[in-house]
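Participant: pasting the structure only:
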């Protein structure tokens, strides 16, 4: 059995896919706003004493987002880029990033 501590958060930012090769979604080449929805899972031992306190963990992640991404222009940073960055910085076993809680990306640590 596996136990995961899970946090969810969201932030507003602007990004663009400047090199979008698809004419039917060519508007993605220009800066546009999204609410990015983030879910992260952290594997913990199965004991009853919480190894990671999820409120403190969420505060730490939100602090990073507030100081780096929230209400910022992310340039050409994609959902995949956001997932990778969060994986490297915080070491979760799972990250998902959705644009406007509709479409997105998930990454699972190998």
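Facilitator: Now that the structure is in, tell me what you want to look at. All of these numbers come straight from a predicted model, not from anything done at the bench.
Participant: hang on, residue 105 in a strand?
Facilitator: Yes - Residue 105 forms part of a strand when assessed by DSSP: H, G, I helix; E, B strand; the rest coil.
Participant: The host helix or strand of residue 57 - contacts with which helices or strands?
Facilitator: Using DSSP states H and E, residue 57 sits within helix 54-68. On a contact count with 3 or more CB pairs under 8 Å, 6 or more residues apart in numbering; DSSP states H and E, helix 54-68 meets strand 3-15, strand 32-44, helix 79-90. Placement of C-beta: from N, CA and C, glycine included.
Participant: Helix or strand next in line after the shortest one, which one?
Facilitator: Okay, so that is helix 79-90. Where DSSP H and E defines the elements, the next helix or strand beyond helix 79-90 is strand 94-99.
Participant: Touching that next one from outside, list them.
Facilitator: 4, 34-41, 79, 82-83, 86-87, 104-109 (CB atoms under 8 Å, 6 or more residues apart in numbering).
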